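Q: Need the 3D shape of this:
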Amino acid sequence: MKSLFLQMVRFGLVGIFATGIHYCVAVALMTAKILPLVANVGAFAIAFLVSFTGHYFWSFAVARTGVGGRRALVRFLTVSLVGFTLNEALFASLLQWTPLHPHLGLLVVLFLVAGLTFVSSRFWAFAIQDETAPILSDDFESP
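A: This next block holds a predicted model:
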């Protein structure tokens, strides 16, 4: 249980840092007159790199377990893209249907999606599993 708590704290800290990066980049792009939904895409790309690195080496410490980086990257990218799709849909809905300022709406959405991302990351993207699946392992074997 202590390990799960520590993992959640680390995930939260990396997530807060990546979310801060996402938010700052998005606001900077929106301030530069980039459309909010386009700015959000650019911010996501930058924040993804920060998030993957932090989770791989620290939150889930997968690098120490021998789980291949390529497999973790592909899986975390999948989790992140699903999360981002949900993020973008919710953000678009808030922009369309509420009077919330885009900066506040984005902040609300980023925190709503974080819980789903933690569960998916812990139990699938960074889970220690069998390394034999050639499509996702670091070392592709010839038949």
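
Q: So the closest residue to residue 25 other than its chain neighbours, which state does it fall into?
A: Closest residue to residue 25 apart from its sequence neighbours, by Cβ to Cβ, 6 or more residues apart in numbering: residue 43 at 3.9 Å. All C-beta atoms are positioned from the backbone trio N, CA, C, and that covers glycine. Classification of residue 43 using DSSP: H, G, I helix; E, B strand; the rest coil returns helix.

Q: how many other residues sit next to residue 43?
A: Using other Cβ atoms under 10 Å, residue 43 is surrounded by 24 other residues.

Q: and what of residue 70?
A: Residue 70: 14 neighbours (other Cβ under 10 Å).

Q: just residue 25 next, same as before
A: Using other Cβ under 10 Å, residue 25 has 18 neighbouring residues.

Q: Residue 53 too?
A: 12.

Q: how far away is residue 96 from residue 76?
A: Separation of residue 96 from residue 76 (Cβ to Cβ, to the nearest Å): 30 Å.
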